[in-house]
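Engineer: Got a predicted structure plus its sequence, pasted below:
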Amino acid sequence: MTTSTQWQKQIMSIIILAVLVSLIIIVGGSGVYLVEHEHKGANITSLGDAFWWAVVTIATVGYGDYYPVTAAGRLIAIFMMLSGIGIFVLLLSTLAQRRLTRAESRLESKTIPQPVLIGDDTKATIKNKIDGIENLTEEDFDALIIMMNTLRRTLLEQSKILFLGVRDAVLLITTNLNFAATVGLNSHSRGGVLIC
């Protein structure tokens, strides 16, 4: 799924959520108004008070300045409170999913393997030239040196070399597992490493 498609889905879910909240506020506020406004002792007596109560209740703030006193009004209040909690959880999960998708796409772009710069044909050519080194002309020998230097630079770019401070041990971790580099250690001098 492309990023723009995911983005469109997330925008659509937020729009649906906003419409749902608006409908719950309108239906809940109207319902409480119809049930409460003529009841003796009710403090929700106008439509404005009812909508204010609905917004405060669905937002789970609950100031307490307006509250239903009838059984039907309290049932509507329970529905509004649970709706507010559910909508809050849905909003948080949508935002969390968006952040997770972004983090995954960034991680994925960093972990996609890079194309191998050295083909098998280059390695085979170098090996064949080394096998017949006695028969090489001076130009062929120079070309072999250039190919080996290019190979060495490419391997150094693709590899991570970690030197361990224990005697002359060197750990070579290479990301190009298709090619094994020759590592020579000079055991008489500390830190002498030859990569061919």
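Structural biologist: Structure's in. What do you need?

Engineer: Look at Tyr67 and give its secondary structure.
Structural biologist: Secondary structure state of Tyr67, per DSSP: H, G, I helix; E, B strand; the rest coil, is coil.

Engineer: neighbours of it, just the number please.
Structural biologist: The number of residues packed around Tyr67, counting by other C-beta atoms under 10 Å, is 18. Backbone N, C-alpha and C define where each C-beta goes, glycine included.

Engineer: Report the contact partners of it.
Structural biologist: Contact partners of Tyr67, counting by C-beta atoms under 8 Å, 6 or more residues apart in numbering, are 43-44, 53, 77.

Engineer: Thr94 now?
Structural biologist: By C-beta under 8 Å, 6+ apart, the contact set of Thr94 is 10, 13-14, 17.

Engineer: Tell me which helix or strand comes right after the helix or strand it falls within.
Structural biologist: Per DSSP states H and E, Thr94 falls inside helix 71-111. Downstream of helix 71-111, the first helix or strand assigned by DSSP H and E is helix 120-131.

Engineer: Quick check: what element follows that following helix along the chain?
Structural biologist: helix 138-158.

Engineer: low pLDDT regions in the protein?
Structural biologist: In the predicted model, the chain carries pLDDT under 70 at residues 1-3, 108-120, 157-196.

Engineer: Quick check: which helices or strands does the strand or helix carrying Met12 pack against?
Structural biologist: Assessed by DSSP H and E, Met12 sits inside helix 3-36. In terms of contacts (3 or more C-beta pairs under 8 Å, 6 or more residues apart in numbering; DSSP states H and E), helix 3-36 is packed against helix 47-58, helix 71-111.

Engineer: tell me the most buried of these?
Structural biologist: helix 47-58 (a mean of 20; mean count of other C-beta atoms under 10 Å).

Engineer: Would you tell me which of the helices and strands packed on helix 3-36 gets closest to Ala143?
Structural biologist: helix 71-111 (36.2 Å; C-beta to C-beta).
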